[in-house]
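>>> here you go, sequence then predicted model.
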Amino acid sequence: MRKHPLAIFCFFTVANVVGFGQTPACPSGATSAKLICMIPQIYGPGLQIQAVNFGGAPVDDHFQTVLTSNLSPLNSAIARQSAILPLASPSSGITFSWDAAAKTFVGSTDSYGPILGERADTIGKYKVSLGFSYQYFDFSNLDGVSLKNLPSVYFQSDETNTATGDHCSLSGDSTGSCGYIRDVVTTSNRVDLKVHQFTTFVTFGLTNRIDVSAAIPIESVHMAVYSNATIVNNIDASGNVFAHTFPFRTGCGSLNVPVSPCSNQQFSSASTSSGIGDITLRVKGTAWKGEKSGLALGADFRIPTGDSLNFLGSGAVGVRPFIVWSYRARVSPHALVGFEVDGSSQIAGDVTTGVKDKLPGSLSYVIGADTWITKRVTAAFDLVGQDVFQAGRVSVKNVPEPAACLDSSGQCDPGQGFATPTNAPIVTPFVASYNSLFASVGAKFRPTSNLLILGNVLFKLNNGGLGLKAVPMIGVAYTF
């Protein structure tokens, strides 16, 4: 039986979007080129910090598990929140209405509508609008925590000393032959994340009251991760005895006695990924229309066409029904409220095991106004908000570090006392709802009867979710 080419295409498209299994994106013990693996694999898939005995011979490592997993919640939070960025509205700025006397469609001559918001008007029966926009996102913080300074401290896991059989833990025995358990690794981490977004918009008027639209983004994502790690020696006050070191390399490390450790090392990784993002399909219909005001109902359907593991998409289907109200005047106010429900995605789960979880739902709203300055120029202002429910977030908390032993013999005799304990800042994940609020200021210019040129700047107003610098946008739209 001959298979139809369309059936084959649909099969592989669904297979690509849904996937055949929950294969881990960042499996332990292996490297991955996916951007989402850059943070959990910044220290490499294998042993990067080794323990040494006093003669310099490597023994088992006590930090490996913590090093590869400590920043993973931060990674997931960035991935989830980068998938719900504001997108320009696909609605047409130039609308048409039927002139019964002239027996033809007449284009609007007043305001050309909002940029990130929406209005109740439709484009007109069988009319088509094609648009293109470019936005640049440069992320600066996550929940108010600067991405340029993400502190973390790694403590050792409980161990059994193979030489003595003693159980070694910070909560129990961490002195004597178990003194090495007091060592910690402090890190200063930095994440650079930038996105170039090129979006094509298509709107078609099915009837005088119903529009269908599509927003097709092409994105280029650049991500870089840096970590400066330092092993803090707490086992010996003299500095001549140590229990842990980074791998010996040129400039540090020696097998001579006393051993010279490699106590500091820098790690870095950078990569770029480009491709199609999640396509959004929209249907909007005017439910009521008065002389100057109107009410419309609609729904957005997000298709997970983007590679979520490279921060190009969400990895899950999303549906957002919404309601729009607008009023036509010299200053035209408008408002939109919608509620989004999302499916499950690996970026909301665990990328090291492949287990998926639901993306957080959100209540979105846009409130603003547009006004025509001249017959060819419209200015627009919007407040764009999202209330995201039960999402992964981060904060910085201080936790006590183990105090260093004052014993200079390397045996960590508790009778000789300990140094004054200090607190260390650590990026800590938690789950909570948050509000993300933006301000949008822009303008539209109509050089010809069917062409619009637009420019816009988006500003973040609070610390909820991913923070970013001012987001510039330029675009064009042509209606025929």
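Right, received. Where do you want to start?
>>> got the buried residues for stretch 167-185?
Going by neighbour count (16 or more other C-beta atoms under 10 Å), the buried part of stretch 167-185 is 168, 170, 173-176, 178-185. For glycine as for every other residue, the C-beta is placed from the backbone atoms N, C-alpha and C.
>>> and those residues, which two are furthest apart?
Among the buried residues of stretch 167-185, the pair separated by the greatest distance (C-beta to C-beta) is Gly176 and Val185, at 22.0 Å.
>>> partner strands of the helix or strand Phe201 falls within, with direction?
When secondary structure is defined by DSSP states H and E, Phe201 falls within strand 184-205. Paired strands of strand 184-205, with direction, are strand 128-142 (antiparallel), strand 150-154 (antiparallel), strand 210-232 (antiparallel) (DSSP bridges).
>>> rewinding a little: closest to Ser32 out of the buried residues of stretch 167-185?
Taking C-beta to C-beta as the measure, Val185 is the one of those closest to Ser32, at 23.2 Å.
>>> distance between the strand holding Phe201 and the chain's centre?
In terms of C-alpha atoms, centre = their mean, to the nearest Å, the centre of strand 184-205 is set 6 Å apart from its chain centre.
>>> how about the helices in the protein?
Read by DSSP state H, the chain holds these helices, from start to end of the chain: 5-18, 64-69, 72-82.
>>> and of the buried residues of stretch 167-185, the nearest to Ser344?
Taking C-beta to C-beta as the measure, Ser344 sits nearest to Val185 out of the buried residues of stretch 167-185, at 34.2 Å.
>>> could you measure from the closest one over to Arg249?
Computed as C-beta to C-beta, to the nearest Å, the Val185 to Arg249 distance reads 17 Å.
>>> Asn398 now?
Using C-beta to C-beta, one obtains 33 Å as the distance from Asn398 to Arg249.
>>> one more: Val394?
Shown here: Val394 relative to Arg249, a distance of 32 Å by C-beta to C-beta.
>>> give me the number of residues near Ile426?
Each residue near Ile426 was counted by other C-beta atoms under 10 Å, and the total is 20.
>>> so Asp278 sits against Phe311, correct?
No: counting by C-beta atoms under 8 Å, Asp278 sits too far from Phe311 to count as a contact (11.3 Å).
>>> ok, and the closest non-adjacent residue to Asp413?
Spatially, and ignoring its direct neighbours in sequence, Asp413 is nearest to Asp407 (4.3 Å; C-beta to C-beta, 6 or more residues apart in numbering).
>>> just the pLDDT at the one you found, thanks.
Reading off the per-residue confidence, Asp407 sits at a pLDDT of 90.
>>> my read: it touches Arg182, true?
No: at 11.2 Å, Asp407 does not count as touching Arg182 under the criterion of C-beta under 8 Å.
>>> returning to what we had before: now render the strands paired with strand 184-205 as a markdown table, adding mean neighbour count, distance to Val431 and mean pLDDT.
Converted to a markdown table, those look like this (neighbours: other C-beta atoms under 10 Å; distance: least, C-beta to C-beta, whole Å; pLDDT from 0 to 100):
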| stretch | mean neighbour count | distance to Val431 | mean pLDDT |
| --- | --- | --- | --- |
| strand 128-142 | 19 | 14 | 92 |
| strand 150-154 | 21 | 19 | 86 |
| strand 210-232 | 20 | 23 | 92 |
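>>> which one of those strands lies closest to Asn435?
In terms of C-beta to C-beta, the element of the strands paired with strand 184-205 nearest to Asn435 is strand 128-142, at 14.7 Å.
>>> how distant is that closest one from the center of its chain?
Counting by C-alpha atoms, centre = their mean, strand 128-142 is centred 15 Å from the centre of its parent chain.
>>> so Leu466 touches Ile78, yeah?
Yes: under the criterion of C-beta under 8 Å, Leu466 is in contact with Ile78, at a separation of 6.9 Å.
>>> give me the common contacts of those two.
139, 142 (C-beta atoms under 8 Å, 6 or more residues apart in numbering).
>>> thinking again about what came up before, more neighbours, Asn398 and Arg249?
Asn398 (13 against 9).
>>> show me what contacts the closest residue to that one other than its chain neighbours?
With sequence-adjacent residues excluded and distances taken as C-beta to C-beta, 6+ apart, Asn398 is closest to Asn423, at 4.0 Å. For Asn423, the contact set (C-beta under 8 Å, 6+ apart) comprises 398-401.
>>> in a markdown table: those residues, plus distance to Val324 and pLDDT.
Formatted as a markdown table, the contacts of Asn423 follow (distance: C-beta to C-beta, whole Å; pLDDT from 0 to 100):
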| residue | distance to Val324 | pLDDT |
| --- | --- | --- |
| Asn398 | 47 | 91 |
| Val399 | 48 | 87 |
| Pro400 | 53 | 89 |
| Glu401 | 54 | 88 |
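>>> top of those residues by neighbour count?
In terms of neighbours by other C-beta under 10 Å, these top out with Glu401 at 20 neighbours.
>>> check the gap between Ala380 and Gly113 for me.
Counting by C-beta to C-beta, the separation of Ala380 from Gly113 is 7 Å.
>>> again, but for Ser152
Noted for Ser152: a distance of 46 Å to Gly113, by C-beta to C-beta.
>>> any low-confidence regions in the stretch 151-300 of the chain?
253-260 (pLDDT under 70).
>>> can we see that at 50?
257 (pLDDT under 50).
>>> I'd say Thr160 and His167 touch.
Yes: applying C-beta under 8 Å, one finds Thr160 in contact with His167, separated by 5.7 Å.
>>> number of nearby residues for the residue nearest to Asp413?
22.
>>> start the count at 10 instead of 1 going forward.
OK, 10 is where the count begins now, so the last one is Asp416.
>>> who are the neighbours in contact with it?
Under the criterion of C-beta under 8 Å, 6+ apart, the contact partners of Asp416 comprise 188, 245-246, 422, 425.
>>> picking up where we left off before, out of the helices of the chain, which gets the lowest mean score?
Confidence, taken as mean pLDDT, is least for helix 14-27 of the helices of the chain (a mean of 38).
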